[in-house]
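Asker: Give me the fold of what follows.
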Amino acid sequence: SYLINAIRNLLREKCQVSATTGKASYNVSGVTIHSLLKLHVGSKGCKDLTGQALCTLQENLNGIDYIPIDEYSMLGQATFGWIDKRCKQATGSHDKILGGKSMILIGDTGQLPPVADKPLDHSKPSSNVGEQGYQAYSMFDKVVKLTVNQRVQGTCPEQVQFRELLYRLRIGQSIFQDWRLLLTRQLSNVSNLNEFEYATRLLYSNEQVAKYNHDQLNQLQHPVACISACHSSSSAKNASSDDMSGLEPVVFLARTAKVTLTMNLWSHVGLCNGATGTVRHIIYDNGHRPPNLPLAVIVEFDNYRSPAFIDSQPSCVPICPVTVSLQSENSLHERQQLPLRLAWALTIHKSQGLTLPKARIHIGKTEKSPGITYVALSRVQNLSSCVIEPMSFERLTALKSSKHLTFRLQEKKRLDHLAQATAIAFNH
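Answerer: Below you'll find the model as predicted:
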């Protein structure tokens with residue numbers, strides 16, 4: 001964020017800072033690239049803008065020459081193809097890459113690849129728009145390599161050890177001593193385990209997360225509200241949450257439940273996708289009850305920073321049901337639901353970009369997505385801030401046998417070469 005703020009201060013009104021997720025955009029005081037360029041969130045629905053939507057896009061980008069995108073490793077080829085399309089539509093410069101706009105991609109290529117899309121550097125795009133994204137990305141020829149890990153700071157031996165462990169893990173070169181060091185953070189070896197009772201669980205599968213969250217919900221000893229979404233059609237009812245901007249068909253809630261927002265409501269004040277909080281009240285109109293939708297759920301958010309809705313509880317915000325639509329051929333399908341999800345546990349994918357004060361980590365039996373172990377362990381600022389489920393040395397080194405690692409290291413080598421050429425060109 002320090003670097004991004006420096007870029008913003010240098011370029012001022014010509015720059016619009018963005019990020020690939022709501023939480024990341026909040027951390028850098030920017031907007032999501034999806035909201036900036038009117039991109040559809042999900043696997044379907046992107047199309048060229050027309051009419052008022054196109055005018056709004058052109059107004060938003062008028063005078064903007066530079067667009068930094070944080071956490072760019074989450075961008076896939078298809079999404080980047082649509083970014084190229086939107087910028088060309090906004091400027092009318094269809095013969096220029098990104099419509100003549102300057103994109104500044106910021107992030108760590110060692111993290112998880114994009115979901116339901118191919119990485120930007122993949123040599124075999126799977127669609128025309130993916131090919132467009134691949135070609136646009138290939139045109140980037142200026143690279144600056146940052147070598148200081150800002151999350152894991154410190155010069156004490158423990159921090160140096162942890163940084164070196166993460167670096168080797170990132171490139172698939174973990175050694176036996178790394179495994180022995182991680183064993184010191186297994187449950188049986190942690191003396192202050194009680195301090196991790198309320199730590200966020202990072203788990204490797206959606207099924208694990210759902211089970212743990214529901215187990216925690218049932219332990220609250222409060223009535224559980226099973227809240228069903230309203231749907232306009234059977235297609236809407238059967239649509240996945242990804243195609244409905246994160247809205248679930250059914251949400252389970254109770255007072256004091258830990259929850260997270262599933263969409264961006266007001267990112268500038270912290271009400272963004274991934275923002276966490278605690279349920280304080282579930283408010284229904286007279287004569288209504290679950291499974292009907294409530295009027296609102298009062299959530300006390302951990303990082304809300306704006307005028308109070310309730311003077312005596314300044315961090316409490318009413319979250320109301322929202323409606324999203326899915327275009328399918330000539331039909332429009334709608335879902336209305338609370339943009340909330342239980343959050344005692346998160347998938348490692350969902351944790352990407354977060355910094356957690358404490359975490360309990362289960363990386364699973366396989367490296368099902370290249371980088372999942374690295375992302376999980378790098379969410380904390382020091383090794384003593386996490387507890388790790390038992391793993392074998394073979395599991396820790398599983399990334400080494402991943403075919404995806406070969407492609408990633410090839411891309412790292414290419415970027416390193418460009419970084420050296422950039423440094424020479426600018427005499428640094």
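Asker: can you map out the helices along the protein?
Answerer: Ranges of helices in the chain, per DSSP state H, are 2-11, 22-27, 33-36, 51-61, 77-91, 128-138, 157-170, 176-183, 206-218, 234-238, 348-351, 372-377, 393-396, 403-425.
Asker: Hey, what's the angle from the last one to helix 157-170? Just curious.
Answerer: Per axes from the mean of the first three to the mean of the last three C-alpha atoms, to 10 degrees, the angle that helix 403-425 makes with helix 157-170 is 110 degrees.
Asker: returning to that earlier point: including mean pLDDT, mean neighbour count and distance to residue 277, could the helices of the chain go into a markdown table?
Answerer: For glycine as for every other residue, the C-beta is placed from the backbone atoms N, C-alpha and C. Listed next are the helices of the chain as a markdown table, based on pLDDT from 0 to 100; neighbours: other C-beta atoms under 10 Å; distance: least, C-beta to C-beta, whole Å:
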| stretch | mean pLDDT | mean neighbour count | distance to residue 277 |
| --- | --- | --- | --- |
| helix 2-11 | 92 | 13 | 26 |
| helix 22-27 | 82 | 26 | 13 |
| helix 33-36 | 90 | 22 | 21 |
| helix 51-61 | 91 | 13 | 30 |
| helix 77-91 | 95 | 24 | 29 |
| helix 128-138 | 95 | 19 | 35 |
| helix 157-170 | 93 | 17 | 30 |
| helix 176-183 | 96 | 15 | 31 |
| helix 206-218 | 95 | 15 | 15 |
| helix 234-238 | 91 | 14 | 27 |
| helix 348-351 | 89 | 22 | 16 |
| helix 372-377 | 94 | 25 | 23 |
| helix 393-396 | 94 | 16 | 34 |
| helix 403-425 | 91 | 14 | 35 |
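Asker: closest one to residue 254 among those?
Answerer: The closest of those to residue 254 is helix 206-218. By C-beta to C-beta, the value is 5.9 Å.
Asker: What are the buried residues along stretch 356-372?
Answerer: Within stretch 356-372, the residues scored as buried using 16 or more other C-beta atoms under 10 Å are 356, 358-364, 367, 369-372.
Asker: contact partners of it?
Answerer: Under the contact criterion C-beta atoms under 8 Å, 6 or more residues apart in numbering, stretch 356-372 has outside partners 110-113, 170, 195-196, 199-205, 208, 348-349, 351, 373, 376-377, 379-380, 385-389, 391, 395, 398-399, 402, 404-405, 408.
Asker: on that earlier part again, tell me which of the helices of the chain lies nearest to residue 146.
Answerer: Of those, nearest to residue 146 by C-beta to C-beta is helix 2-11, at 7.2 Å.
Asker: I am finished for the moment; much appreciated.
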